[in-house]
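[1] need a structure here:
(3 chains)
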Amino acid sequence: MADVRLEGVKKRFGDVEIIKGVDLAVEDGRFCVFVGPSGCGKSTLLRLIAGLENVSEGRVTIGGRDMTSVPPANRGTAMVFQSYALYPHMTVAENISFGLRMAKAPKDEIERRVARAAGMLQLDHLLQRKPAQLSGGQRQRVAIGRAIVREPGVFLFDEPLSNLDASLRVQMRIEIGKLHQDLGATMIYVTHDQVEAMTLADQIVVLSAGRIEQVGSPLELYHRPRNLFVAKFIGSPTMNTLPVEVLGQDAGGLKLALPGGKPILLPQAPGLSGSTPTLGVRPEHLTLGEGRDATLNGKVRLTERLGSETMLYVDLGHEAEVVVRADGLSRVRPGDVVPVGLSKESCHVFDAGGNAVLNGALM
Amino acid sequence: MFPAPIQDKGPVIGTAYRVTLVVALIVWLLPLVGIGLTSIRSIDDLNQGNFWGWPEETRFAENYTGVFTQSPMARFLLNSILITVPAVGLAVALSAMAGYALAKYRFPGNLLLFAVFIAGNFVPFQILMIPVRDLFVNVVPLYDTILALVIFHMAFQTGFCTLFMRNFIRQIPDALIEAARVEGVSELRIFWHVVLPLVRPAMAALAVLVFTFVWNDFFWALVLVQSDEARPVTAGLQALRGTWTSAWQLLSAGAIIAALPPVAMFFLMQRHFIAGLTLGATKG
Amino acid sequence: MSSSATTPLVLSPPERREGWWHRHQAGLAPFLLLLPALVGFSIFVLWPIVDSLWLSLHDWDGVGEKRFIGLDNYRELMDDRVFWTSIVNNVWWLLAFMLAPAAGLAIALFLNQTVFGIRLVKSLFFFPFVISQVVVGLIFSWFFNPQFGLLNEMLGAVGLTGVSPLDSETGATFAIIVAGLWPQIAYCMILYLTGLAAMNPEVIEAARMDGARGWKLFWHAVLPQLRPATFIAVVVSVIGALRSFDLVAIMTAGGPYGSSSVLAYYMYEQTFLSVRYGYGAAIAAVLFLIMNVYIAFFLWRMLKREQA
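    Here you go, the predicted model:
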């Protein structure tokens, strides 16, 4: 069993509190991704789980055992560093087997494990090379190999792909996903790239300023963000937000006035207080043309043609602008006046404090 | 590049530069050239005041072997080796350990200790002289032995060496050490297997530099040694000056012999030497 | 879970034999690593400083009883002619050594070309620093020798009368300083050569494109980049000027009549040759206190850089 639990974990560096109280449960075998903007504390949290830093308060439990004051080597974890941290003066084989050799493991056991890891990562022909002779992707795999031979209960990844170029990143992402399937071990992965998070994770933890904003599966976060921060962090391009006014709420639903005055009727949102909430709708859920529940008109300010799709920046007047995702073959040009359609299933409503009072009903 | 490459300024200036270079070099090294010449003259040459001219008879072999046969120079050289090599080896080893501790561990007083090593490196010898001598005369009777000089130099040079090693080891990425920690490697093992192999070039540079410092030391040889058995070549040369007051040809030869080892060391390990001297200098 | 082995090789907290050492080795390691160097350093550098300072308050001949006399040694120093001469000489050394960085820079600029053989030339220019000060002292003693020294030969060649600097009460110190400058300039030269090699060429190219030439280019684009080298060169030259001992001992033994003495040498002379240990310790204390000003300055700058 190698589940990871954090209870009331706080971390201070001097007077600054980096982690402000985190409770989290990662079940055995899950792929959990910590994601968030720079400085949110995701790497720190990972290092607390690894034992490279000590918690200021709280408990870290791994596999049912309290590991809060246990040194990193004894926690049953293995870490893959952002810079790979390969020993430059050792060969690939020596790098991978270093920990085992230091622990005086039997030679045949060492050989068996190294061969297995090398096989899984296609490093067989590189075992006698030194890190300086390897490409970025190969070094990445050596770092992972080093973690694999420890046969840990929990793998920890600290932004492992951020030093690779874009195409390599996609390839390695797939390999890591496959690794998880093959090994079935618990994996905790830190990244600032929400695409990596969405594609790899069973469970995403969104962090901001030392606190957890939301924990959930990728699709849960996508369709039911708990607050504006999560809503805008997940999904690319970012969710559109429009200031709206409450016209009234009754058994029939919530009636809002869109910028410019046009009304839209949404399901009831009992938690809503205040009269100036925010409406959120993703670019991919807006349509060019009459909308099922409301239509706004606007002037196209800018188009970004990606071939597979076109992003339209539409000025709706009244100081409101939205991004609409249109088809790649769309002929719309800057300056065109277009209708933008909304449907109530894809609308989210956030109150003045940024909390979601209504999520869309697509899923 | 600054100044602008001389090759760009035309052949005339280029040649003028090269000529000036050679002349400047000769002027700069004139004292050395002079003493080199003196060392191969005969005693008659000197007495006649023959100076600029090429010596009538060159007495190279005679003078240079004369140094060895007419003085304990061989013993002096041996002593220098016996003092310098162990002192350097130990100083570099000890300071690699201390430098690593200061570079990669956070603990209260880290910066203070570092400051102590730096400051201690700069103190004038004189403030240490009496107590150190007293230590070797009364507390541990090692006065007038090679061991006394080895121990002192080893201890003193750790100041400079620790400064040097600490700054170098700082440049090793923390992640390397953390990775080893996560792998369960004990701290001392990490030092031996991960850190040391990476600092070998710095240690070489340091060793070459400190070799020069210790070999060329004169003050402590004066203070801690008084007999020829333990005297290194620096104090030995000074002592010979008393014996050979006017035998300048022998004295010159002796000076050149004494100067050779650090010079040889320098030429063989130039890159290391300069790296050692300037590490941290250009980075401030 | 992982499909393989059952041997809990590397992930067994309580099962592994956790002796006291294992539990504490991470925390103890830095202290163990520091201990040997620190012990040696404390015994031979730190404690002696304190002991010398204490000794300076006593009267002692090295063998008999130490008699506590408070600040009497220092009071005596105030009236000591040679002491003041030494201090004045040290000031001369200090001023003269301030030429070393400038001269070193000039030579470094001169040598900063890529003509054939320049590496050998640079090494040869660096020579004087590598040889022992004893050898330097001997070389210059010979250089200044009134009968057959090079200096007199050169003067004679242009028709000037001979001089004997080392025998002159007014000239001896300066003769020794010249000898001292030889290796010191070589050291500064190497510092600057390295500094020049480490400069950012783009800054210079940008300045050239802006039309800066010669002196202007040097002042605005080159010199600022050499600041770290200059800092080290100045500090080392100051320390070197204040610490000078070997050359004085070899060339004049402080003479004639103590006129070329410096604090470092005077201390040695008083302690061993005049057998006045307490008095010597007081001289050493004065030297130490003077140097502390520069040591403190250097430390402050270095540590500021650390915080940055």
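[2] so residue A:43 sits against residue A:159, correct?
    Yes: shown here, residue A:43 and residue A:159 form a contact pair, counting by Cβ atoms under 8 Å, at 7.2 Å. From N, CA and C alone the C-beta is placed, and that goes for glycine too.
[3] list residues touching both of the two?
    residue A:190 (Cβ atoms under 8 Å, 6 or more residues apart in numbering or on different chains).
[4] where in the stretch 51-200 of chain A is pLDDT low?
    Along the stretch 51-200 of chain A, the model assigns pLDDT under 70 to no residue.
[5] all helices for it, in order.
    The residue ranges that make up the helices of the stretch 51-200 of chain A, judged by DSSP state H, counting those that start in this stretch, are A:92-102, A:107-120, A:136-148, A:166-183, A:194-200.
[6] columns distance to residue B:250 and mean neighbour count on top of these, output as a markdown table?
    Listed next are the helices of the stretch 51-200 of chain A as a markdown table, based on distance: least, Cβ to Cβ, whole Å; neighbours: other Cβ atoms under 10 Å in any protein chain shown:
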| stretch | distance to residue B:250 | mean neighbour count |
| --- | --- | --- |
| helix A:92-102 | 57 | 22 |
| helix A:107-120 | 64 | 16 |
| helix A:136-148 | 63 | 24 |
| helix A:166-183 | 72 | 15 |
| helix A:194-200 | 79 | 20 |
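[7] number of nearby residues for the closest residue in space to residue A:38 that isn't next to it in sequence?
    Leaving aside its sequence neighbours, residue A:38 sits nearest to residue A:192 (Cβ to Cβ, 6 or more residues apart in numbering or on different chains; 6.4 Å). Around residue A:192 there are 17 other residues, counting by other Cβ atoms under 10 Å in any protein chain shown.
[8] okay, residue A:192 and residue A:34: tell me how far apart.
    To residue A:34, residue A:192 is 10 Å away according to Cβ to Cβ, to the nearest Å.
[9] next: residue A:325.
    On the measure of Cβ to Cβ, residue A:325 and residue A:34 end up 28 Å apart.
[10] look at the two and report which has more neighbours.
    residue A:34 (30 against 19).
[11] what's in contact with the helix or strand in which the more buried one is found?
    Assessed by DSSP states H and E, residue A:34 sits inside strand A:31-35. Defining contact as Cβ under 8 Å, 6+ apart, one finds that strand A:31-35 is touched by A:4, A:26, A:42, A:45-46, A:177, A:180, A:186-194, A:196-197, A:200-207, A:233.
[12] list only buried entries from the residues you listed.
    For these, a burial check counting by 16 or more other Cβ atoms under 10 Å in any protein chain shown picks out A:4, A:26, A:42, A:45-46, A:177, A:180, A:186-194, A:196-197, A:200-201, A:203-207, A:233.
[13] what is the neighbour count of residue A:268?
    Residue A:268, neighbours per other Cβ under 10 Å, totals 14.
[14] does it count as helix, strand or coil?
    Put simply, residue A:268 is coil when judged by DSSP: H, G, I helix; E, B strand; the rest coil.
[15] center of chain B - which residue?
    residue B:212 (0.9 Å; Cα atoms, centre = their mean).
[16] how far away is residue C:220 from chain B?
    Per Cβ to the nearest Cβ, to the nearest Å, residue C:220 is found 12 Å from chain B.
[17] burial measure for that residue, as a count.
    Neighbours of residue C:220 (other Cβ under 10 Å): 13.
[18] that one reaches residue C:207, doesn't it?
    Yes: using Cβ under 8 Å, residue C:220 is in contact with residue C:207, at 6.3 Å.
[19] any weak-confidence spans in the stretch 101-250 of chain B?
    For the stretch 101-250 of chain B (pLDDT under 70), the answer is none.
[20] quick one: the helices in it, in order.
    Counting by DSSP H, counting those that start in this stretch, the helices of the stretch 101-250 of chain B are B:110-122, B:126-134, B:146-169, B:174-182, B:187-190, B:196-215, B:219-224, B:233-243, B:248-268.
[21] which parts of the third one are buried?
    In other words, helix B:146-169. Buried-residue list, helix B:146-169, by 16+ other Cβ under 10 Å: B:146, B:148-169.
[22] likewise for the shortest one?
    Neighbour-count burial for helix B:187-190, with 16+ other Cβ under 10 Å as criterion, is recorded at B:187, B:190.
[23] next one, pLDDT for residue C:205 please.
    With respect to pLDDT, residue C:205 scores 81.
[24] what's around it, how many residues?
    With other Cβ under 10 Å as criterion, residue C:205 counts 12.
[25] how about it, secondary structure?
    Per three-state DSSP, residue C:205 ends up helix.
[26] how close does it get to chain B?
    9 Å.
[27] kindly report the same for residue A:290.
    As judged by Cβ to the nearest Cβ, residue A:290 and chain B stand 56 Å apart.
[28] ok, now which ones touch residue A:275?
    Here residue A:275 is in contact with A:245, A:246 (Cβ under 8 Å, 6+ apart).
[29] repeat for residue A:346
    A:281, A:282, A:285, A:360, A:362.
[30] nearest residue to the middle of chain C?
    Nearest to chain C centroid, counting by Cα atoms, centre = their mean: residue C:240, 3.5 Å.
[31] thought that residue was touching residue C:182?
    No: counting by Cβ under 8 Å, residue C:182 is not a contact partner of residue C:240; they are 12.0 Å apart.
[32] just want the angle from the longest helix belonging to chain C to helix B:146-169.
    Criterion DSSP state H: the longest helix present in chain C is helix C:277-307. Angle, helix C:277-307 to helix B:146-169, by axes from the mean of the first three to the mean of the last three Cα atoms, to 10 degrees: 20 degrees.
[33] of the contacts of residue A:346, buried ones?
    For those, buried by 16+ other Cβ under 10 Å: A:281, A:282, A:285, A:360.
[34] could you pull out the strands for the stretch 201-350 of chain A?
    A:203-208, A:211-216, A:240-243, A:245-250, A:253-257, A:263-266, A:278-281, A:287-288, A:294-305, A:309-317, A:320-327, A:337-342, A:348-350 (DSSP state E, counting those that start in this stretch).
[35] in chain A, which residue is closest to the centre?
    residue A:197 (3.4 Å).
[36] who's in contact with that one?
    A:33, A:35, A:191, A:204, A:218, A:234.
[37] out of those residues, which comes closest to chain B?
    residue A:191 (17.0 Å; Cβ to the nearest Cβ).
[38] report the contact partners of the closest one.
    Counting by Cβ under 8 Å, 6+ apart, residue A:191 has contacts A:33, A:34, A:35, A:159, A:161, A:162, A:197.
[39] can you do 6 Å?
    A:35, A:159, A:197 (Cβ atoms under 6 Å, 6 or more residues apart in numbering or on different chains).
[40] phi first, then psi, for the second one.
    The phi/psi pair for residue A:159 (degrees, to the nearest 10) reads phi 40, psi 60.
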